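Undergrad: Just need the structure, nothing else, for what follows:
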Amino acid sequence: MQPLKLIVLLVLYFAALIHADEDSHLYQDGEDVLLWMNTVGPYHNRQETYEYFRLPFCKGPKETKIDRHHENLGDALQGVELKFSGLEIKFKENIMQKYCEVDIDQVKHDAFAYAIKNHYWYQMYLDDLPIWGIVGEIEEKGNMLYMWTHKRLQIGYNNNQVVDINLTSMKKVQLMPNSKIQFTYEVVWQPSEVPFRDRYEKYLDPKFFQHRIHWFSVFNSFMMVIFLVGLVSMILMRTLRKDYARYSKDDDLEDMERDLGDEYGWKQIHGDVFRAPLYPLTFSVFIGTGAHVLAATFAVIMFVMIGDLYTERGTVVSTAVFVFAAMSPVNGYVGGSLYSRTGGKRWIRQMLVSSLFLPFIVAGTAFMINFIAMYYHASRAIPFGTMVAMVCILLFVILPLNLIGTILGRNLSGATSTPCRVNAVPRPIPHKRWFMEPAIISILGGILPFGSIFIEMYFIFTSFWAYKIYYVYGFSLLVLLILAIVTICVTIVCTYFLLNSEDYRWQWTSFLAASSTSVYVYLYSFYYFFFKTKMYGLFQTTYYFGYMAIFSLSMGLMCGALGFIGTSVFVRKIYSYVKID
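TA: Alright, predicted model coming up:
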């Protein structure tokens, strides 16, 4: 057995030697370490990025078999354009040398001058660690333009792994037409005690994300939840107790006395409260899609928290795409069962619309932005192969899983079962005060849910639209739970007042009252754009408002589904306790 163990150990050792590269993050002394150039773009427009060599930079003399470097779907969707730098870097070997020279003619001068005036900076990757540098700068006292021509890379290593890297831009050279600029680089290796698992910590910003304001906002939202839940419980329990007592007393009266009595309230519409909503197919699509978004959001947050996926480039986006596809049965189950309970017969159409509704909106918005990105030759233009991959995910994963969920939903939860019979003739809705109208309730219903999350929205927006890496997914999970509780409580209160005014149109009202949170989120995005950023240009503006519209729509569907499902449980509960002849 000992020779066998020795052979196994030798095989594993040589396998490790063969695969010692940036994929395994293990290197041997003197082994090549690849430096990848990603994108370059204006500092204030984070998403307006271009391939690094779109500017007339020059490559180093070293060649490699792999030029472009894409690892996952998230890289392609986020516009990652990795191309080999041509710089020779060997593990633990210091070096300093010239690597190329650029003849600055008028065209190249104008390109570099535009980049410097618009504060262009670039991004590189070494062993999957990001590095940022600036193209040049403008002299404060005059209009002289300067370029940084020397890159000094200080790389920290722990045993045979890269754990730290810093870039220092040096040697400022004036940019002038009809001149030559030499580019040089320097690599300095330094031992480091940083563990490999903690090497990403330097890119995080705990002073920003764990600021007292962040903790205070979550605590404030939590206190709002306690207050709101207590208030709702107190009001509803006291009010419902009085209602039940009054209705029980009415049941003891004779028919003549009951007819002469002053009957009012939510019991009077028991024959209409479970009437199917208008446009049941559309309604079931919205509820199913909202439940789908909720399940996918919760699952993505959990996966990222458990696996620290934010440390790997493009992994969060890839995970979100595949989790959304895998959660498709939730859409089919919730939407299909609801459509069946409302008496819908065209279940195949409902399944197709539910499957394609949100993907088509996302695809339409992305196509419009992609068209502008192609016009700008930006790296954010989604490649054709990635589009084909997304279509395949839709056709061969989302559609079949949604079909399975729909069939299960119709067979397991599709039977109509209500505490009260539905009258054949709809009851007339009495006139009520303007603030009790469903439209007003729908508009006002989203204020409190938005108030519980708007500070967290600032941190999420800053991480996506500015240069912060969002890693506090524990906050996200807590805020998601707070949002769910506040949304359900507010929607229940709104629905109770609506029913008490003898208006039985609660299904759409509960959905719209909860989903109106997204309207306030989208309005807040306008405030954030104009007062918290310095974005400019057609591409960046379209990109920002286009994807913010998708974000707000998804949040609206999620909150709407939460509001309706919570209210539906409440309505069934209160009517199941009332004696009805």
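Undergrad: going forward, measure contacts between C-alpha atoms and count neighbours the same way
TA: Fine.
Undergrad: Would you state the helices of the stretch 1-150 of the chain in chain order?
TA: Remark: helices of the stretch 1-150 of the chain, listed N- to C-terminal, are 2-18, 73-77, 106-117; assignment by DSSP state H, counting those that start in this stretch.
Undergrad: Only the buried residues of the shortest one, if you could.
TA: Within helix 73-77, the residues that qualify as buried are L73, G74, D75, A76, L77, counting by 16 or more other C-alpha atoms under 10 Å.
Undergrad: rewinding a little: weakest of the helices of the stretch 1-150 of the chain by average pLDDT?
TA: Out of these, the stretch the model trusts least by mean pLDDT is helix 2-18, with a mean of 40.
Undergrad: So, low pLDDT: which residues of this protein?
TA: Counting by pLDDT under 70, the chain contains low-confidence ranges at 1-22, 67-71, 142, 210-211, 243-244, 246-264, 579-581.
Undergrad: which residues touch the helix or strand containing V187?
TA: Element membership for V187, per DSSP states H and E: strand 179-191. By C-alpha atoms under 8 Å, 6 or more residues apart in numbering, the residues outside strand 179-191 that reach it are 89, 92-105, 149-158, 173.
Undergrad: Tell me the buried residues within the residues you listed.
TA: 89, 92, 99-101, 104, 149-157.
Undergrad: Farthest pair within those residues?
TA: Spatial extent of these (C-alpha to C-alpha) is set by the pair I104 and Y157 at 37.4 Å.
Undergrad: Go ahead and confirm Q28 touches V162.
TA: No. Counting by C-alpha atoms under 8 Å, Q28 sits too far from V162 to count as a contact (11.1 Å).
Undergrad: neighbour-wise, which of these two wins?
TA: Relative neighbour count places V162 above the other of Q28 and V162, with 28 against 16, counting by other C-alpha atoms under 10 Å.
Undergrad: give me every residue that touches the more buried one.
TA: The neighbours of V162, taking C-alpha under 8 Å, 6+ apart as the test, are H25, D127, I155, G156, F196.
Undergrad: Which residue is the nearest non-sequential neighbour of the last one?
TA: Take F196 and drop its neighbours on the chain: the residue closest to it by C-alpha to C-alpha, 6 or more residues apart in numbering is V163, 5.5 Å away.
Undergrad: ok but that neighbour is inside a helix, no?
TA: No. When the secondary structure is assigned by DSSP: H, G, I helix; E, B strand; the rest coil, V163 falls in strand instead of a helix.
Undergrad: can you count the residues close to it?
TA: A count of neighbours around V163, defined by other C-alpha under 10 Å, yields 23.
Undergrad: got the contact list for it?
TA: Residues in contact with V163, defined by C-alpha under 8 Å, 6+ apart, are I155, G156, Y157, S192, V194, P195, F196, R199.
Undergrad: What distance do you get for the fourth one to D164?
TA: I take that to be S192. From S192 over to D164 the distance is 8 Å, taken as C-alpha to C-alpha, to the nearest Å.
Undergrad: intersection of neighbour lists for those two?
TA: In the contact map built from C-alpha under 8 Å, 6+ apart, the residues linked to both S192 and D164 are G156, Y157.
Undergrad: And these two? Which one has more around it.
TA: Between S192 and D164, counted using other C-alpha under 10 Å, D164 has the larger neighbour count: 25 against 15.
Undergrad: Excluding sequence neighbours, find me the nearest residue to the more buried one.
TA: Taking C-alpha to C-alpha, 6+ apart as the measure, D164 lies nearest to G156, with 4.6 Å between them; neighbours along the chain are not counted.
Undergrad: What strand or helix carries the one you found?
TA: In this assignment (DSSP H and E), G156 forms part of strand 145-158.
Undergrad: Which strands and helices lie in contact with that strand?
TA: Under the contact criterion of 3 or more C-alpha pairs under 8 Å, 6 or more residues apart in numbering; DSSP states H and E, the helices and strands touching strand 145-158 comprise helix 106-117, strand 136-138, strand 161-174, strand 179-191.
Undergrad: Now render those as a markdown table, adding distance to P206.
TA: Compiled in a markdown table, these are given as follows (distance: least, C-alpha to C-alpha, whole Å):
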| stretch | distance to P206 |
| --- | --- |
| helix 106-117 | 31 |
| strand 136-138 | 29 |
| strand 161-174 | 18 |
| strand 179-191 | 25 |
